[in-house]
Each structure stands twice: as structure tokens, then as C-alpha cells.
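Colleague: just need the structure, nothing else, for what follows:
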Amino acid sequence: MNRIKLTIVINIILLITSLIFIIIYFNKIQKKEKKYIYKIVELKTDFGLKDTVLNYIKLHEGLKLKPYKCPGGYLTIGYGHKIKAKEYFNNITIEEAVALLKHDYEEAFKLSPDYLTYPKRLAIGHFIFSLGIGNFNKSQLKKEIENNSYIGTELFRWCYVNKKYYKSLKVNRLFELKLYYK
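Modeller: Below you'll find the predicted structure:
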């Protein structure tokens, strides 16, 4: 029993350490626009990977408690929740934003191919969360996954919104790539 507790504590420390490194690198990225350096610290186990993805989304998306337009032109709120036609939000609480994020990511995760390993499903779930199931289904990325081919080249084609290149999307693709090949 003590060994299990020790393992859990070690895994929590690894998770916290990885999040600290992600924050440090995001700060460097924001300060050095010309040098867009990003590194994901390796986790030794799958423990907490979904939490790592959710925390990454929080860091990347940022929190907006009032509706705003994302770079794709969609009305959005919270941590990147795309407001649907029959939804109305004037403002939300942090707790509601977290609940929306967990729900949205869980839905995206369920749409990732179930024959993939857990880290790969998390990575593709993140891709679907970021870009939508429609983009995933029509992408060459889906075919590369089905053929068990290297996906890096195809992933990096998804760094554009309305033909405009976004460095932050490159960071997303690096995160997904690192997670996919964990």
C-alpha cells in the first residue's frame, strides 16, 4: 500500500514539474517572438496525461469569461469553447469554464480513433478539440494515422487559420506530436 502511495506522489511531482516547464517555455515564447522555442518535458508514465493535456489547453487558450471571436472567427468563451447556435453566454464563472473544457475535450477524445494507444488518442483528441472533427475527417492526417505512417509532416500543415500562419498553432502541433510519439 505504501508503495502505491509513493508511486502516486512521484507521478504527481512529475506532472507538476512538467507543468512548470510548460509555463517557463510559454513565457520564453511570449518574450522571444523571433525564436519560437518549445519543449515538452517527458513524463515517465501515462498517469496524469489527460490532466496535462487539459492544463496545456488552459495555458494555450487562456481564460475568457466573456464571449470573444477566436482567430477562426467563431464566437468562443472560457478555454476555447466554441459557442453553438442554441447556446447563449453573456459571461461565465471559472468553474463553468473548466466544466465546458472538460466536456469539450472529452467529446473530442471520444472521436479519436479507439484503436490508438492512450497517448495517441489524447494527442488526436487535442487536434480535434483545436480544429474540429470535420477538419480531422477530411485531413490527410487521418489517412496517415490509418496507414500507421509518420504524422509530423501532416500535422504541421495545420498551423494556418484563413491562410494566415500562427506560431502558437505550431506549438500546438509540437505538443500533439510529442504526445503522439510518447
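Colleague: what is the subsequent helix or strand relative to the strand or helix carrying P119?
Modeller: For P119, the host element (DSSP states H and E) is helix 118-131. Toward the C-terminus, helix 118-131 is succeeded by helix 133-138 as the next helix or strand (DSSP H and E).
Colleague: give me the buried positions along that next one.
Modeller: Residues of helix 133-138 classed as buried: F136 (neighbour count, 16 or more other C-beta atoms under 10 Å). To be clear about C-beta, it is placed using only N, CA and C from the backbone, and glycine gets the same treatment.
Colleague: where does pLDDT dip in this protein?
Modeller: Scanning the chain for pLDDT under 70 picks out 1, 3, 5-7, 9-11, 14-15, 17-47.
Colleague: how about the strands in it?
Modeller: Using DSSP state E, the strands of the chain run over 64-69, 75-78, 81-82, 160-161, 164-165.
Colleague: now render those strands as TSV, adding distance to L101 and mean neighbour count.
Modeller: Below are these laid out as TSV (distance: least, C-beta to C-beta, whole Å; neighbours: other C-beta atoms under 10 Å):
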stretch	distance to L101	mean neighbour count
strand 64-69	12	13
strand 75-78	6	20
strand 81-82	7	20
strand 160-161	20	13
strand 164-165	25	9
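Colleague: endpoints of stretch 89-99, how far apart?
Modeller: 14 Å (C-alpha to C-alpha, to the nearest Å).
Colleague: who's in contact with that stretch?
Modeller: By C-beta atoms under 8 Å, 6 or more residues apart in numbering, the residues outside stretch 89-99 that reach it are 63, 65-67, 77-79, 81, 83, 100.
Colleague: noted, bye for now.
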